[in-house]
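Q: Make a model of this:
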Amino acid sequence: MENENITRINQDGKEFILIGTAHVSKHSAELVKEVIEAEKPDSVCIELDEQRYKSITDGNKWKEMDIFQVIKEKKASLLLMNLAISSFQNRMAKQFGINAGQEMIQGIESAKEAGAELVLADRNIQTTFSRIWGGIGLKGKAILLTQVIASIFSKESISEEELEKIKNQDMINTILNEFTETFPKLKTPLIDERDQYLAQKIKDAPGEKIVAVLGAAHVPGIKEEIKKEHNLASLNELPAKSKAPKIIGWLIPIFIISIIAYTFYSNPAAGLQQTLSWVLWHGSFSALGAAIAFGHPLTILTAFVAAPITALDPITAAGWFAGIVQAYFRRPSVRDFENLSEDVFSFKGFWHNKVTRVLLVVVLANIGSSLGTFIGGADVIRLFIKHL
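A: Presented below is the predicted three-dimensional model:
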């Protein structure tokens, strides 16, 4: 069958049929069903990794999440970003009356019905996020977090006709060009590397006829990358962690403690003033972050007390302690986990669900503490210079 969203490639004795889809389009899911039924492929590749495959096929995944473990493993920010991205995609899907990722679900079901081998062709999402996060710098992280969180509360909607236009290849190239100009470092791990990974997994799929269900934005890149050989192990490597943040993380507290200690030695009154400044700036900003997240009163107090101390210890963070206290006093129920996918649709739901409330407490208390480091540190230095 012929369709503008279907790309056929014959190479090395194999036929590859790439279906370019929009992740929240009814027509995409219908097209996937029609193609697999008509082509009867040996393998069906879908743009999912093991984690997202389980997420789609296991409706009880939220009930199994341990919020304390999330905080302990420092995954609060990552989970918050995942929820924000899911919120945007689910809201669009709800607008069109279908499930987000319906075309992938259809690919799974149709592969089973056709007796084709199912291939999870995408790179692990944690690896992709790690490579994105490690390569965009502090400013890029701030912009990315802002844009992702802002998407939760966006009321923008588009027509299905506009959604279908996204699958036009010229439109895709235009979108990617604009994307590259505004956020160039993000495109490499998010699009280019995954094009290479997906292309290699599709090439390695068993059989002579392979159908691949892909987000339309990947099709142009995969058409080119499938002609080459790619090292999957290399594409799966996590970025080496720079030693600079760790060194700076220790140098700042050593520097601050040294200044305050010297000031106490030479002028105890000024040293006390520096200490109070450090405590008040850190405690106030971190407590404000917890308060913005509507944290429990003891959570806000914990953020205030913990921030000045954890700021001098790069291994811990005020948000972790505040989050644990919040989870203890406002422990999420099974209902909170069950309602999570719906609650993240709205500002009100995001702030009222106890799961997202804990995540927000962790993130906002940590952001407040970071602000306190800059402002409190600057004031400590100012007082040091003043009393020289």
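Q: C-alpha only now, for contacts and for neighbours.
A: Noted.
Q: Skip ahead from the helix or strand of the chain with the lowest mean pLDDT and say which helix or strand is next.
A: In the chain, no helix or strand scores lower on mean pLDDT, DSSP states H and E than helix 169-182, which sits at a mean of 47. Moving toward the C-terminus from helix 169-182, the next helix or strand (DSSP states H and E) is helix 184-187.
Q: got the CA coordinates for that following helix in PDB?
A: What follows is helix 184-187, C-alpha atoms only, in PDB (Å, rounded to 0.1, in the frame of the first residue of the first chain):
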ATOM      1  CA  PRO A 184      21.300  23.200  19.100                       C
ATOM      2  CA  LYS A 185      22.900  21.000  21.800                       C
ATOM      3  CA  LEU A 186      19.600  19.300  22.500                       C
ATOM      4  CA  LYS A 187      19.000  18.000  19.000                       C
END
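Q: Return the set of buried residues in the next helix or strand after it.
A: Once helix 184-187 ends, the next helix or strand along the chain (criterion: DSSP H and E) is helix 193-204. Of the residues in helix 193-204, 193-203 count as buried by neighbour count, 16 or more other Cα atoms under 10 Å.
Q: just stretch 204-220 next, same as before
A: By neighbour count on 16+ other Cα under 10 Å, the buried set for stretch 204-220 is 205-206, 209-220.
Q: likewise stretch 223-240?
A: Applying a neighbour-count criterion of 16+ other Cα under 10 Å, one finds 223, 225-226, 230, 235 buried in stretch 223-240.
Q: same deal with stretch 311-322?
A: Buried positions in stretch 311-322, judged by neighbour count with 16+ other Cα under 10 Å: 311-312, 314, 317-322.
Q: So which of the residues you listed belong to strands?
A: With strands taken from DSSP state E, there is no overlap with those.
Q: Just checking, which of those comes out lowest on pLDDT?
A: Here the lowest pLDDT out of those sits on Pro314, with 80.
Q: Could you report the separation of it from Phe337?
A: 32 Å (Cα to Cα, to the nearest Å).
Q: got it, and Ile67?
A: As defined by Cα to Cα, Ile67 lies at a distance of 10 Å from Phe337.
Q: Identify the contacts common to those two.
A: Here Ile67 and Phe337 share the contacting residues Val355, scored by Cα atoms under 8 Å, 6 or more residues apart in numbering.
Q: got a pLDDT number for Trp250?
A: For Trp250, the model assigns a pLDDT of 82.
Q: isn't it right up against Pro314?
A: Yes. Using Cα atoms under 8 Å, Trp250 is in contact with Pro314, at 6.4 Å.
Q: Excluding chain neighbours, what is closest to Thr263?
A: Nearest residue to Thr263 in three dimensions, chain neighbours excluded: Gly271, at 4.9 Å (Cα to Cα, 6 or more residues apart in numbering).
Q: Identify the residues contacting that neighbour.
A: For Gly271, the contact set (Cα under 8 Å, 6+ apart) comprises 260-265.
Q: which element is it on?
A: helix 268-292.
Q: cool, and Ile17?
A: strand 14-21.
Q: At which residues are the strands of the stretch 1-150 of the chain located?
A: Along the stretch 1-150 of the chain, the stretches classed as strands by DSSP state E, counting those that start in this stretch are 6-11, 14-21, 43-46, 117-120.
Q: Now tabulate those strands in a markdown table and tack on mean neighbour count, distance to Gly101 and mean pLDDT.
A: Below are the strands of the stretch 1-150 of the chain laid out as a markdown table (neighbours: other Cα atoms under 10 Å; distance: least, Cα to Cα, whole Å; pLDDT from 0 to 100):
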| stretch | mean neighbour count | distance to Gly101 | mean pLDDT |
| --- | --- | --- | --- |
| strand 6-11 | 15 | 18 | 94 |
| strand 14-21 | 23 | 10 | 94 |
| strand 43-46 | 28 | 11 | 96 |
| strand 117-120 | 21 | 14 | 96 |
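Q: Include distance to Thr373 when you put these into TSV, please.
A: Below are those laid out as TSV (distance: least, Cα to Cα, whole Å):
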stretch	distance to Thr373
strand 6-11	53
strand 14-21	46
strand 43-46	45
strand 117-120	44
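Q: Quick one: closest of these to Lys246.
A: Among the strands of the stretch 1-150 of the chain, the nearest to Lys246 by Cα to Cα is strand 117-120 (36.1 Å).
Q: So what are the sheet partners of that closest one and their directions?
A: Here strand 117-120 is paired, per DSSP bridges, with strand 43-46 (parallel).
Q: Contacts for stretch 9-22 next, please.
A: Here stretch 9-22 has contacts from 5-8, 28-29, 32, 103, 163-164, 166-167, 202, 207-219, 223, using Cα under 8 Å, 6+ apart.
Q: actually stretch 278-293, sorry about that
A: 299-308, 311, 318-319, 322, 351, 357, 360-362, 364-373, 375-377, 379-380.
Q: mind checking the end-to-end distance for stretch 292-303?
A: Stretch 292-303 end-to-end distance (Cα to Cα) = 12 Å.
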